[in-house]
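Enquirer: no sequence for this one, just the structure:
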């Protein structure tokens with residue numbers, strides 16, 4: 001008996017295909033280069049996005065044009081344009097003409113911690129004409145081509161640089177930076193202070209406001225505009241910093257309790273409970289899974305190099 005299949009745009013899981021598009025792994029950041037001469041390349045970007053619900057994908061069109069559909073809306077990206085998409089919602093990519101596309105998958109938390117008003121940027125075609133983008137795109141292209149020669153420990157350092165450079169470029173294009181005397185400047189100063197003082201277990205809204213020379217009430221107002229409270233930001237930053245350090249091969253010899261302490265957690269038990277509640281896995285299990293994934297990635301790189 002023949003089985004008929006009803007296809008609904010962007011609601012069904014994409015059908016699996018052989019992995020034809022190589023992925024360059026830089027820790028938690030992933031880079032892909034897609035072009036028409038690679039079979040099903042742009043369609044595979046849809047599949048990659050589907051399996052990365054905890055990430056954003058930044059798609060930069062280096063030549064040609066592509067069409068992108070998400071939440072019933074369609075946008076077209078031309079040569080020299082890019083856009084940011086949330087992978088937690090199904091997104092479909094299709095080639096319109098001969099194309100060459102650069103895709104950057106970045107953990108949602110990392111980008112949201114660096115950029116404000118991310119929802120206002122999503123699925124919005126932007127032109128990458130300024131020098132920040134030339135620097136960022138050159139860095140990403142170089143890393144994508146040289147990834148097989150970059151030791152795993154160094155890859156995590158490059159990942160941080162990619163996130164920072166991309167954020168600077170997006171800010172320049174969307175004019176998020178704004179007036180240096182505005183609330184956005186205060187928000188950046190506050191988040192920078194938090195990140196540089198995470199080990200301070202006593203860090204709280206009162207202390208941050210005192211250092212910034214503003215009232216606690218105004219501090220809460222500044223963070224409210226970013227969609228996250230001061231305390232939520234503190235907790236999220238501490239947890240994500242710990243998660244990234246647990247996955248960093250350069251810190252494999254550091255005990256979990258020390259990593260938690262460096263991130264500002266007074267109690268190992270509190271850290272363990274908070275980590276599992278947020279990520280659905282214990283810190284020990286996460287560290288082990290990250291090490292296994294690195295080993296698998298290195299093996300895949302070796303196999304690919306032999307086949308080339």
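Expert: That came through fine. If you're wondering where the values come from, they're calculated on a predicted model, not measured in any experiment.
Enquirer: Now the residue sitting nearest the centre point of the chain. Its backbone dihedrals?
Expert: Nearest to the mean C-alpha position of the chain, counting by CA atoms, centre = their mean, stands residue 106 at 1.8 Å. The phi/psi pair for residue 106 (degrees, to the nearest 10) reads phi -130, psi 130.
Enquirer: I'd assumed residue 56 was in contact with it.
Expert: Yes - in this structure, residue 106 is within contact of residue 56 by CB atoms under 8 Å, at 5.4 Å. (C-beta placed from N, C-alpha, C; glycine too.)
Enquirer: For the helix or strand hosting residue 85, name the packing helices and strands.
Expert: Applying DSSP states H and E as the criterion places residue 85 in strand 81-86. On a contact count with 3 or more CB pairs under 8 Å, 6 or more residues apart in numbering; DSSP states H and E, strand 81-86 meets strand 55-63, strand 65-70, strand 126-127.
Enquirer: In a markdown table: these, plus mean neighbour count and distance to residue 253.
Expert: Formatted as a markdown table, these follow (neighbours: other CB atoms under 10 Å; distance: least, CB to CB, whole Å):
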| stretch | mean neighbour count | distance to residue 253 |
| --- | --- | --- |
| strand 55-63 | 22 | 28 |
| strand 65-70 | 19 | 43 |
| strand 126-127 | 15 | 42 |
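Enquirer: Please identify which of these is closest to residue 281.
Expert: Proximity to residue 281 (CB to CB) singles out strand 55-63 among these, at 17.0 Å.
Enquirer: starting at the chain centroid, how far to that closest one?
Expert: Its chain's average C-alpha position is 12 Å from that of strand 55-63, according to CA atoms, centre = their mean, to the nearest Å.
Enquirer: before we move on, what about stretch 288-297?
Expert: Distance of stretch 288-297 from the chain centroid (CA atoms, centre = their mean) equals 19 Å.
Enquirer: how about residue 89, secondary structure?
Expert: Classification of residue 89 using DSSP: H, G, I helix; E, B strand; the rest coil returns coil.
Enquirer: quick one, strands of the protein?
Expert: Applying DSSP state E to the chain gives strands spanning 23-26, 29-35, 55-63, 65-70, 73-78, 81-86, 91-95, 100-107, 126-127.
Enquirer: so which of those strands gets nearest residue 276?
Expert: Nearest of those to residue 276, taken as CB to CB: strand 100-107 at 18.3 Å.
Enquirer: ok, the closest one: who's next to it in the sheet?
Expert: Strand 100-107 pairs in its sheet with strand 29-35 (antiparallel), strand 55-63 (antiparallel), by DSSP bridges.
Enquirer: Out of those strands, flag the one nearest residue 287.
Expert: strand 29-35 (18.8 Å).
Enquirer: tell me which residues of stretch 189-206 are tucked away?
Expert: 189, 190, 191, 194, 198, 203, 205 (16 or more other CB atoms under 10 Å).
Enquirer: Include pLDDT and distance to residue 85 when you put those into a markdown table, please.
Expert: Compiled in a markdown table, those are given as follows (pLDDT from 0 to 100; distance: CB to CB, whole Å):
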| residue | pLDDT | distance to residue 85 |
| --- | --- | --- |
| 189 | 86 | 30 |
| 190 | 90 | 28 |
| 191 | 89 | 24 |
| 194 | 92 | 28 |
| 198 | 92 | 30 |
| 203 | 93 | 34 |
| 205 | 93 | 33 |
